[in-house]
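Visitor: I need the structure of the sequence given here:
(one chain, ligands or ions: 1)
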Amino acid sequence: RTALREMKLSAMKNEFVSNVSHELRTPLSSIRVFGEFMRRGRVEDPEKVREYGSYIETESRRLTQLINNILDFSRIESGHIAYNFEATDLEELLTGTLATFSIRLRDKGFEVSYDGPDDPLPEIRVDANAIDRAVANLLDNAVKYSNGDRRIGVELSRSEDGVAITVTDHGIGIPHDELERIFERFHRVSTGLVHDVKGSGLGLTLVKHIAEAHGGRVTVESEPDKGSTFTIHLPINDQQEESL
Ligand code: ADP
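Guide: Have a look, this model is predicted:
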């Protein structure tokens, strides 16, 4: 059984390397092409210059996110990831994440709606960067697996024992028997459209790790062809409320 596991792991690693190389290559070649256009002075129309500039910006962001994911993953695997918890206004944090993200989606016709809490939330102790990365990963997936329906909903709300951050898409959805496995490292659903969508299979592993590091968890509800809803649950414990 050990040999079988080793073989499976080795196959997953190979696939991971090939997926990541593919993901790196695509933004790099766009950056190169747009950079070259600009260097040759082929683009004079200021509107076009802005457009190409924004492509370069978007693609570099994608590269940074991918590299951050890989670095986070390797820190998690080696047990060297450190979180820095500080009292944070989650609403401010989330609107910041959405603002950065919507720059990427500006021209792609995505409609991102945001629904905030009914009453102001208490500040809670989180690692703001980590939560930002977790939500960015969920948004990234909502876009990647949207399959034509470009509505994405983000909600921040108070739940029974804490707060919930929810990202909903109306995309391809996930088969029921895959719902647990998608959080495993490198795991990608291998049917249908997913083959055409690039990915490293690390995003959800990181989201799960980050949620759990905060004493929380991540849950998913999904219906194939209808869409998916991912929720990061973060607890507010008494100690937190007292110290704020
Ligand atoms: P990837 O880099 O492959 O997107 P993730 O760990 O983020 O890696 O996701 C694992 C797998 O879960 C994806 O390959 C995809 O099959 C599935 N998945 C994740 N998010 C969604 C979503 N919003 N809609 C449909 N499928 C999803």
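Visitor: Return the distance of the residue nearest to the spatial centre of the chain relative to the ligand.
Guide: The centroid of the chain falls nearest to N137 when counting by C-alpha atoms, centre = their mean (0.5 Å). With distances taken as C-beta to the nearest ligand atom, to the nearest Å, N137 is found 6 Å from the ligand. For glycine as for every other residue, the C-beta is placed from the backbone atoms N, C-alpha and C.
Visitor: Show the contacting residues for that residue.
Guide: By C-beta atoms under 8 Å, 6 or more residues apart in numbering, N137 lies in contact with Q65, N69, G203, L204, L206, V207.
Visitor: Any of those buried? List them.
Guide: Q65, N69, G203, L204, L206, V207 (16 or more other C-beta atoms under 10 Å).
Visitor: re earlier: helix or strand for the residue nearest to the centre of the chain, which one?
Guide: helix 128-144 (DSSP states H and E).
Visitor: buried sites along the one helix or strand M12 maps to?
Guide: According to DSSP H and E, M12 maps onto helix 2-39. Residues M12, F16, N19, V20, E23, L24, P27, S30, I31, F34 are the ones in helix 2-39 that count as buried (16+ other C-beta under 10 Å).
Visitor: And the ligand, is the next helix or strand after that helix touching that?
Guide: Sequence order places helix 46-77 as the next helix or strand after helix 2-39, per DSSP H and E. No: judged by C-beta under 6 Å from any ligand atom, helix 46-77 stays clear of the ligand, getting no closer than 8.1 Å.
Visitor: tell me the angle of helix 46-77 relative to helix 2-39?
Guide: 160 degrees (axes from the mean of the first three to the mean of the last three C-alpha atoms, to 10 degrees).
Visitor: which is the next helix or strand following helix 46-77?
Guide: Heading C-terminal from helix 46-77 (DSSP H and E), you reach strand 86-88.
Visitor: what is the mean pLDDT for that following strand?
Guide: Strand 86-88 shows a mean pLDDT of 94.
Visitor: Pairing partners for it, with directions?
Guide: strand 124-126 (antiparallel) (DSSP bridges).
Visitor: Quick check: I174 vs the ligand, distance?
Guide: For I174, the distance to the ligand - C-beta to the nearest ligand atom - is 5 Å.
Visitor: On the three-state scheme, that residue is what?
Guide: For I174, the assignment made with DSSP: H, G, I helix; E, B strand; the rest coil gives coil.
Visitor: mind listing what it touches?
Guide: I182, V189, V220, S222, P224, S228.
Visitor: quick one: pLDDT of it?
Guide: 95.
Visitor: Check E242 too.
Guide: pLDDT, read off for E242, is 49.
Visitor: Name the member of the contacts of I174 with the shortest distance to R39.
Guide: V189 (40.7 Å; C-beta to C-beta).
Visitor: so how many other residues sit close to the closest residue to that closest one other than its chain neighbours?
Guide: Leaving out its chain neighbours, the residue that sits closest to V189 by C-beta to C-beta, 6 or more residues apart in numbering is E178, at 5.1 Å. For E178, the count of nearby residues is 17 (other C-beta atoms under 10 Å).
Visitor: Please work out how many residues are found near the residue nearest to V167 when sequence neighbours are not counted.
Guide: Distances taken as C-beta to C-beta, 6+ apart place L138 nearest to V167, at 4.1 Å, with adjacent residues excluded. Using other C-beta under 10 Å, L138 has 27 other residues around it.
Visitor: Thanks a lot, see you next time.
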